[in-house]
Every structure is written in structure tokens, then in C-alpha cells.
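Visitor: Fold the following and give me the result.
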Amino acid sequence: MGLLDRLSDLLGLKNKEVHVLCLGLDNSGKTTIINKLKPSNAQSQDIVPTIGFSIEKFQSSSLPFTVFDMSGQGRYRNLWEHYYKDRQAIISVIDSSDRLRMVVAKEELDTLLNHPDSKHHRIPILFFANKMDLRDAVTSVKVSQLLCLENIKDKPWHICASDAIKGEGLQEVQNEILINVELPQI
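Guide: So this is what the prediction gives:
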């Protein structure tokens, strides 16, 4: 059973469509992670930067998924808030090798957490500390500290180290967040 199948089971969603919002600064690896989460027969060979946003619809073995892949470029980040509502989970991708923009990632996370459509909803957030294969990458623990994730008390969350290109760290999610974090029932 894949990650998305486990997510649908734990969310109690059978025969419903699951909406997932994928956020992160530009060049963090959002589209690559989404591509790797799709069934192998639906994966694309060519990944290009997202302009504005894209919608990925695919079927896991038990449930249809719609993933909103939001561009992380500065001029498009104001679009994110229009998609906070009506989603069952959020994936936040952080480039763990980009220490200079970690402050910007934290500001965007704070904006999400304080937005009226998110603030009082117990929506699970999965953080990927991506690009762990790069020499300048900081650990997922350090990313967690830099983003002050320990201050998130009202939402279930988990952070995983990942290398989206190789798909490393994506399967571990199945064994970590979906087993150890109690996800809300929809």
C-alpha cells in the first residue's frame, strides 16, 4: 500500500476525492515530490518549474487525489491563500540546502498558519526537508528548528528528510507520519 493509500485510509476517506495542497519556495522540489508520489505508470519523465499553479489528478489504488502544486515564485505566493480552504492535507517542501531563504520559508509558513482558513483547522502538514543529497544541506532537525515547527501545537505535523530526485525519504513517510501521527477524521 502506497503513501497516498495510507493517507486516505487514515483520513477515513473511502470513495471520496482527497485534496492536497503542496507549497514551498521556488526550486524546492515540490513538483518532483508530487511526481514521485504518483503511481509509477502516471509519473512524468520531464519535470519543469511550475508557473502559477498546476493541478495533478491521479488515482491511487483506493482513491482519487487532486494535488494543487503551487508555484513558489514570489509573484505567485499570494495565490496560495485561495487554496487553503477545502483541502485535507498540506505538503510543505523546504530546500534544506538553501539556508539564505530559510527565513522566507518560515515567513510563508507563519502566513499559512495564521490565515483564517487554516488557523482553526486541524489539518495535517507534512514537511519534506528536501535536497538532503546536496553538500550544503542541513539536517531535518535543523530545518525543524529554523522553521520553529515545535511551536505548531494545533495541527499534526511531521518532517522527513528527502531526496526527491532519487525518491529517498518518500517511502519513510508511510512508516512515520501515517502511523505515528493521529490524523483528523473528515
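Visitor: Show me the beta-bridge partners of the residue most central in space within the chain.
Guide: Taking C-alpha atoms, centre = their mean as the criterion, Ile91 is the residue nearest the geometric centre of the chain, at 1.4 Å. As for beta bridges, Ile91 partners with Cys22, Leu126 under DSSP bridges.
Visitor: dump the residue contacts of it.
Guide: Val20, Leu21, Cys22, Leu23, Lys30, Ile33, Ile34, Val67, Ile125, Leu126, Phe128 (C-beta atoms under 8 Å, 6 or more residues apart in numbering). In short, each C-beta sits where N, CA and C put it, glycine included.
Visitor: Can you tell me how far it is from Leu100?
Guide: With the distance defined as C-beta to C-beta, to the nearest Å, Ile91 ends up 23 Å from Leu100.
Visitor: in this protein, which spans are strands?
Guide: In the chain, the strands defined using DSSP state E lie at 18-23, 53-59, 64-70, 89-95, 125-130, 157-161.
Visitor: For the fifth one, name the packing helices and strands.
Guide: Counting by 3 or more C-beta pairs under 8 Å, 6 or more residues apart in numbering; DSSP states H and E, the packing neighbours recorded for strand 125-130 are strand 89-95, helix 140-146, strand 157-161.
Visitor: Deepest in the core, which of those is it.
Guide: strand 89-95 (a mean of 25; mean count of other C-beta atoms under 10 Å).
Visitor: what is the mean pLDDT for that strand?
Guide: Mean pLDDT, computed over strand 89-95, is 93.
Visitor: Any idea how far that strand is from the middle of the chain?
Guide: 3 Å (C-alpha atoms, centre = their mean, to the nearest Å).
Visitor: Likewise for stretch 147-166?
Guide: Taking mean C-alpha positions (C-alpha atoms, centre = their mean), stretch 147-166 and its chain are 9 Å apart.
Visitor: Go through it and flag the buried ones.
Guide: Leu147, Leu149, Lys155, Pro156, Trp157, His158, Ile159, Cys160, Ala161, Ser162, Asp163, Ala164 (16 or more other C-beta atoms under 10 Å).
Visitor: Pull the most distant pair out of the residues you listed.
Guide: Spanning the widest gap among the buried residues of stretch 147-166 are Lys155 and Asp163, at 25.7 Å by C-beta to C-beta.
Visitor: Buried ones in the helix ranked longest in the chain, by neighbour count?
Guide: Identified as the longest helix of the chain according to DSSP state H is helix 102-114. Residues of helix 102-114 classed as buried: Met102, Ala105, Glu108, Leu109, Leu112 (neighbour count, 16+ other C-beta under 10 Å).
Visitor: Hey, what's the angle from it to strand 18-23? Just curious.
Guide: Going by axes from the mean of the first three to the mean of the last three C-alpha atoms, to 10 degrees, helix 102-114 is angled at 140 degrees with respect to strand 18-23.
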